Structures are given as C-alpha cells and as structure tokens.
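Trainee: need a 3D model of the following:
(2 chains)
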Amino acid sequence: MRYPRSIRLLIEEFKKLPGIGEKNAQRLAFYLLGAPAERAQALASSMLRMKETVRHCERCFNLTEDQLCDICLDPGRTEGLLCVVQSPLDLMAIEATGQFRGSYHVLMGVLSPMRGVGPEDLKLSELMERVSEGNVQEVIIATNLDVEGEATASYLVTALAPLKVKITRIARGIPIGGSLEQADSLTLGLAIDGRLEL
Amino acid sequence: MDLEHFRNLGRQKVHLHPRYNLLLGRNGQGKTNFLEAVGYLGSLRSIRAAGRGEMIRHGEKMCRVSGSTASVGLERVLAFALTDKGRTQFLDDKKVISPEEYLQALKVVHFIPEDVGLVSGTPSWRRRVIDRSVFEVTPQYVSEYRRYLLALRQRNALLRKGRASKGELESWNHAVASSGARLVRRRRQLIAGLNPIMEGLGERLGMERVPGLTYIASHEGEAPADKAEGTSGSADTMPGEHLASDTAIEGGLLARLASLAEKEIKRGYTMAGPHRDDIVFYQRRGSEKTNLARYGSQGQKRVAVLAFKLALAALFNKANGTWPLVLLDDVASELDETRRRALGKIIRETQAQFFITTTGEDYMFLPADEGKIFQVNKGWLEPFEASERSGNGDGH
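Mentor: Now for the predicted structure:
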C-alpha cells in the first residue's frame, strides 16, 4: 500500500537519521500522526531551536549556547589538567564519570587521510595555543584506541613535545566486570604491558 | 557425509572411515569433487579456488552438503548450502552468521597438485597461505590483520596526497609499524613451529636436503622492498630464523619507513611492512641453505610443499588439540615407490583423518583394515572390494 505523500516524506526523513531503518521510521511517523498537534509542534521547534542556538565553545569546542561552555566557566575546574577528546560525545562520557575535575579540549575529529582529514582540519593550533599559555601541567590524550585514534595520539605527542608539558594517555585494559578469558588478546596484551604495581 | 547436487556427485550418504579414506577412479569421475566438498565443509573455501556457482550441479539451483564429525568426544553436525545468491552455513542445525565462528568447528589441510606452484609462485600467494594458517592457530589474528590493513590504507591515502607534513606521516608510520610488528611476529612464530616438523618430514620422505621456510622481512636489508612483486627479492642468502619481540620489529619497521618516505611519496604507496614480506622455501643440507625456488627440482618442490602441508596439520593439532582433516589430491602419482612407502608410513602414524585420491593402482601401502577404499564412478562412491587389490597390500 502507498502512504499519502506527506507521510512518505516524513518516513524518508527519519530514515536519514542514524540507527533508524524503515520499520522504526514508520513507527515514529505514525506515532506523530496520532499524537496531538502540539507534540509535533514541540518536536519541530526544539529541533530548529537547537540548530539556531547551539555552537562550539570558543575555548574548548565543547557544545554551548554561549561563547564559553559551562565547564570552561566553572571556577572549580583545574586548568592545569587538560583532557583531549575527539568529540563532544566523548567529553560527555568522561563527564558522566563525575571523576574528572580538569578541563577539556575537543579536537572535532581524528586524523584520517582516507576521509581527507589532516592535522589542519582538527582543533590543533587552538590546543597548542592553550598549552603554550603556560597554565597546563598535564595533557591527557583520550582519543579512541582504534587505528585513527592512536595515530592522532602519536601525532599529538610529537606536536606537544616542544612545549615541555607532561603528556599522558588514558589507560587501556580489561573492562570492569569483564573476565580475562573473554578479553581479546590485543586488550589483554596491553593490560599486561600497562600493569600497575600494588 | 550427505551430498546433494554438489558438482557431479550423486545424491548420496557416505560413511567414512575415521583414519584414512582412499578414493580410486579414473579422471573426471568426481574424486577431487568429493575432496572439494569435504574441504568446503571445513573451510568454506574451495580447494581449487572455484566460485560458488561452479560447485552447484549444472541445472540445479542449490547444493547442500552436511557432515557429522566426532572429535575429542564431541559430536557436531556441519552443513552448508550454496545458491547463486550466497552461502548459508549451519552448525548443529543452527544457522551460523559469522563464518569465523563456523570455521572453528572443523579444520582442514589440503594438498592439490597445483600447490607445488607455491614454491615459485608470487609472494602474495605464500603470504595468503601463511596468514590463513596463522589464523587457524590464533583466531584473533583476523582482527590484528584488519587493524594493520586499515593503518596501511590510511598511510597510503596520505602518501597519495603527496604533501604530508613530517609529523603527520610519522604518526601513520607508528600506526603501520605497531600493528605490522604483531603480524610479523605471529608469522615468524608459525614458521619457527613449522620448520623442525617440516625438516623431519622431508627427511622421512627421503630428501637429502630437507625443506623449511625462511621469513624475508621487507624492512630488513635492501632487496625485497625494491623488487617488483612476483620476482621476489629473496636472494640466495637465506637468513636464519630469529624471533624478535614486537618492540624490536616495530623499531626496525619504523626506521625503514622513515628512510623510504621520500620514495614512497613519489610512488604513492607503502613499500615496507608485512604486506611486502615474503616467505621463502629453503632446502638445507648441514649448514648449507639454498633457495628451493631457484635450485630445486620439480620433485623436490613437490615433497617440500607436501611436507609443509603435513607439518601444518601437526601444528594445528599441537595448537588446538585435535587433528585437522588432511586432503591429499593425487599426491602419489609423481612420487617413486620408496617415497610412496614413506608417505604411507607417515599417514599411518599420523592420527588425522585422511582423504586421498589416486588414479593409479597405488595404495601407498596402506593396510585395508585401517581405512576404507572407495571406487569413484560417475559421481558415485562405492566401497572397493578388498579382493580386487591382491598383491597391492601393505607388503610387510
């Protein structure tokens, strides 16, 4: 059966979203069709509002609606400890631990020559500038542990070397609650390499 | 085994012997097809590199093969179905999506006459065979291998851009070297495990010069990286095998990549690393090692590849605790009687299940009560009457 054109259009729009297939798109569209008009109105306007107001923090490139983000404005944050992440999502993940009280720098990507992403496409000169200001004592590199994340980390190490700042990399190893026998050997090998003295 | 529309083979159930199964018959009757079916059941790959469509009986839409195995007390039923659209595989009647999971169930090692070409063929062929073997022993090799390929493709993309900054190139050098070092170490470990077995088998098969493998790393020495694929740098000098640590290999590879960079930017691809390494067959007498591809006769190459395959089987057993199936296609025809007799003895002393085809009347002196002999005729396997093999018995 063929849907009326406007339903079909909405389904096609939903399908462009990540993780949404035909079935889910249908469900969403039909849910909105049955919901009160205000619901659709609220959804549409919140999407537009987000697009209009959200931008990147001028200092760390986290998401914000102002010039600087909440974290950069927080006086309780240690400026000396700077955590470098790939994306605002990674920043949120570290924030969710509630453990980190330093500040962040979002690179807005990782090196990937295949996708045409080089150092000039990342927020690197901004990072260098922040570190050169002299307040940063330690840079924690928290890019992903995949091939691109590792290459980016190794690039950062070389680039930051002249600035004489302490550089650390997030630890790699066995997830909490995970069992050794189920860990892949790559992770296990790194966990052995990165063992801690007790 | 249960066969349905696989090549020319008739729809039949075959009860196989746990030790050796000898398939006799004239050419074109289906002996190798049967070996191919057994091989595909274990490895989801045709021993003669045939496409899916070729294995479906002409005029049929699909073929299906199943087999039950029992090793170390565990019974399993393996099955696959091929159509022109794709392949489905089943373990214990359950559909298995991931080939990697399926491939753990039954290992296969095969020797077909074309394999002799491995000795003088392209390095990429040898790398492929060695890589697959490493995977059989170390399943996580697949993810390590993928990691390396990704790093390599990224680095090549950068080289093709032509104007990479030193720092950016270096970061990809690290990515290639650290993931590549792991592959080199795994391959070398495999070879170090194979060589003593290979040499021992070569000796038993009557070789004056015993065969083995040498790993030629493209980041060591000058020759290999500069020579074109196919001719293989691997000169007359046969370096001894040494097992360096990942860090040592990584360091060597990094240094090589750094020195090649200029040339690589011109050519647009990475010139050193496991994707350019070679694995070369040698033959050794005393401390004198020579390159088999250059100085070996066809017969010597044949025995070397046979020893390689049998050594792989022994190594898989050592790694997994079970023997793989061993498929030998037309292995005896070019061996003289002494070697056939020696091979027969090796087969009897190896606890693997063998599938052996032969056109001639030679049985490799395998005693009738330790295996099963089939006559293959127009796609049908029939038990071969013992009385017909008078005078060809084990000879002891």
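Trainee: for the rest of this, base every contact and every neighbour count on C-alpha atoms.
Mentor: OK.
Trainee: B:A255 versus B:A248, what's the distance?
Mentor: Distance of B:A248 to B:A255, given as C-alpha to C-alpha, to the nearest Å: 11 Å.
Trainee: got it, and B:A319?
Mentor: Plainly put, B:A319 is 34 Å away from B:A255 if you go by C-alpha to C-alpha.
Trainee: swap in B:M1?
Mentor: Using C-alpha to C-alpha, B:M1 is found at 53 Å from B:A255.
Trainee: the more surrounded of those two?
Mentor: Using other C-alpha atoms under 10 Å in any protein chain shown as the criterion, B:M1 and B:A255 rank with B:M1 on top: 18 against 15.
Trainee: tell me the spacing between the more buried one and B:G67.
Mentor: For B:M1 relative to B:G67 (C-alpha to C-alpha), the value is 4 Å.
Trainee: may I have the secondary structure class of the closest residue to A:T168 other than its chain neighbours?
Mentor: Spatially, and ignoring its direct neighbours in sequence, A:T168 is nearest to A:I140 (4.8 Å; C-alpha to C-alpha, 6 or more residues apart in numbering or on different chains). The three-state label given to A:I140 by DSSP: H, G, I helix; E, B strand; the rest coil is strand.
Trainee: contacting residues around the longest helix seen in chain A?
Mentor: Determined from DSSP state H, the single longest helix within chain A is helix A:37-53. Where contact means C-alpha atoms under 8 Å, 6 or more residues apart in numbering or on different chains, the residues beyond helix A:37-53 that reach it are A:L32, A:E65.
Trainee: relative to A:I140, how far out is the nearest residue to A:V131 once chain neighbours are set aside?
Mentor: Using C-alpha to C-alpha, 6+ apart and skipping residues adjacent in sequence, the residue nearest A:V131 is A:L163, 7.4 Å away. Remark: distance between A:L163 and A:I140 (C-alpha to C-alpha) = 14 Å.
Trainee: so between these two, which is more surrounded?
Mentor: Per other C-alpha under 10 Å, whichever of A:L163 and A:I140 has more neighbours is A:I140, with 19 against 13.
Trainee: so for stretch B:164-172, mean pLDDT?
Mentor: If you average the pLDDT over stretch B:164-172, you get 90.
Trainee: that stretch near chain A at all?
Mentor: Yes: against chain A, stretch B:164-172 shows contacts by C-alpha under 8 Å from any C-alpha of the partner chain at B:G167, B:E168, B:E170, B:S171, B:W172.
Trainee: tally of neighbours for B:R276?
Mentor: For B:R276, the neighbour count with other C-alpha under 10 Å is 22.
Trainee: you'd agree it is up against B:S218?
Mentor: Yes: using C-alpha atoms under 8 Å, B:R276 makes contact with B:S218 at a distance of 5.9 Å.
Trainee: surely A:R27 forms part of a strand?
Mentor: No: the assignment for A:R27 by three-state DSSP gives helix, which leaves it out of any strand.
Trainee: what packs against the least confident helix or strand in chain A by mean pLDDT?
Mentor: Within chain A, no helix or strand scores below helix A:185-193, which has a mean of 81 by mean pLDDT, DSSP states H and E. Applying 3 or more C-alpha pairs under 8 Å, 6 or more residues apart in numbering or on different chains; DSSP states H and E, one finds that helix A:185-193 contacts no other helix or strand.
Trainee: buried residues, that helix. List them.
Mentor: For helix A:185-193, the neighbour count (16 or more other C-alpha atoms under 10 Å in any protein chain shown) marks A:S185, A:L188 as buried.
Trainee: also stretch A:49-64?
Mentor: Neighbour counts using 16+ other C-alpha under 10 Å place A:R55, A:H56, A:C57, A:R59, A:C60, A:F61, A:N62, A:L63, A:T64 of stretch A:49-64 among the buried residues.
Trainee: just these that are near chain B?
Mentor: When contact is defined as C-alpha under 8 Å from any C-alpha, these do not meet chain B at all.
Trainee: mind putting the residues you listed in CSV, secondary structure and pLDDT included?
Mentor: Converted to CSV, the buried residues of stretch A:49-64 look like this (DSSP: H, G, I helix; E, B strand; the rest coil; pLDDT from 0 to 100):
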residue, secondary structure, pLDDT
A:R55, strand, 96
A:H56, strand, 96
A:C57, coil, 97
A:R59, coil, 95
A:C60, coil, 96
A:F61, coil, 97
A:N62, coil, 97
A:L63, strand, 96
A:T64, strand, 96
